[in-house]
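**Q** Turn this into a model:
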Amino acid sequence: MPEPRRRRIRKKPSNHGRFLWLSGLLLIPVMVFGFLYYDNDTTEPQPLTSQVNVATQTEVADNMKQTPNNVQPCTTPPTSSRIEIDISEQKLHLFCDYSDHQEKKIYSISTSKYGIGNKAGSDKTPLGLHYIENKIGEGAPKGMIFKARRATGQIAEMNVPGAGDLVTTRIMWLKGLEPGMNSGQGIDSYQRYIYIHGTAEENKIGQPASHGCVRMYNRDVIDLFERVGEGTEVLITE
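**A** Predicted coordinates:
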């Protein structure tokens, strides 16, 4: 008499196995979304890309307004230089030191519309002694828009409603020198991305209007950029 066939008993997946399987399915759209939308905004300055060549001189002329050049000192490269920013006057003072004398140049600026402050997320302009840690944007046309310190290849249109807090033309990235005031956890000017930079809202220069940075006329920020080096001290006062 033949032996009866043994029935195969299919084991049901455990609750733990089901949980892992469902978790894997749920992670797929999250990973795809993160890949598409992640912005690698590191603290390292990014070099100019070839996109800067997209802008033509015609575009620049159409979009940029001529900025008055108020004074003419510092016409030759100084042996050393330093910057003082006066928030109450909305002025930036550049002191150019030579072997036998000192010259000063004054630029109109715009600091934060939210006032003075050092906390991360406050969008306020910090006080105290800083220095220029990085200079970014050399060779870019006036009005070039930068995002995450990268040139986008687009030229900003000046003074249009809703232009917002665009970073244009040149960037001088400031690093705080005073621990507990503009350097350290939660108050660090460098980690807050405090820059001296050009703006698409040139009509607001001379009044507080930024989100923490120091804005300048695009023509002026090029002029300043060429007269100072990385390591230049920047003192921000009330």
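**Q** For the residue nearest to I155 when sequence neighbours are not counted, give its distance to E238.
**A** Distance criterion CB to CB, 6 or more residues apart in numbering; nearest residue to I155, sequence neighbours excluded, is G143 at 4.3 Å. In this view, the C-beta of every residue, glycine as well, is placed from N, C-alpha and C. From G143 across to E238, the span is 31 Å (CB to CB, to the nearest Å).
**Q** likewise I187?
**A** 17 Å.
**Q** higher neighbour count, those two?
**A** Neighbours per residue, other CB atoms under 10 Å: of I187 and E238, the larger number sits with I187, 20 against 8.
**Q** show me what contacts that one?
**A** Contact partners of I187, counting by CB atoms under 8 Å, 6 or more residues apart in numbering, are N118, K119, A120, P126, G176, G180, M181.
**Q** Which of these fall in strands?
**A** G176 (DSSP state E).
**Q** Test my guess that W173 contacts Y131.
**A** No - here W173 does not reach Y131: they are 10.1 Å apart, not a contact under CB atoms under 8 Å.
**Q** Of those two, give the one with the bigger neighbour count.
**A** W173 (22 against 17).
**Q** Now the more buried one: closest residue in space, sequence neighbours ignored.
**A** Closest to W173 by CB to CB, 6+ apart is N134, at 4.2 Å.
**Q** quick one on the thing from earlier: quick check: ChimeraX command selecting the buried ones in the contacts of I187.
**A** A single ChimeraX command is used to select the members of the contacts of I187 judged buried by 16 or more other CB atoms under 10 Å:
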select :118,126,176
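**Q** Verify the stated contact: the residue nearest to I155 with G153.
**A** No - using CB under 8 Å, G143 is not in contact with G153; the gap is 11.6 Å.
**Q** where exactly do the strands run in this protein?
**A** Under DSSP E, the chain gives strands at 80-86, 91-97, 102-110, 128-136, 144-147, 150-155, 167-176, 195-198, 214-216, 233-237.
**Q** out of these, nearest to G206?
**A** Comparing these against G206 with CB to CB, the closest turns out to be strand 102-110 (4.9 Å).
**Q** What is the least confident helix or strand in the chain?
**A** helix 57-63 (a mean of 38; mean pLDDT, DSSP states H and E).
**Q** Next, the contact list for P208, please.
**A** By CB under 8 Å, 6+ apart, the residues touching P208 are I87, Q90, S110, T111, S112, K113, Y114, G115.
**Q** before we move on, what about A120?
**A** A120 neighbours (CB under 8 Å, 6+ apart): G186, I187, D188, Q191, R192.
**Q** how about CSV for the residues you listed, with distance to T79 and pLDDT added?
**A** Shown next, in CSV, are the contacts of A120 (distance: CB to CB, whole Å; pLDDT from 0 to 100):
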residue, distance to T79, pLDDT
G186, 37, 97
I187, 33, 98
D188, 31, 98
Q191, 32, 97
R192, 31, 98
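**Q** what's the span of stretch 110-120 from first residue to last?
**A** 19 Å (CA to CA, to the nearest Å).
**Q** meant to ask about stretch 225-238
**A** OK, stretch 225-238 end separation, CA to CA: 23 Å.
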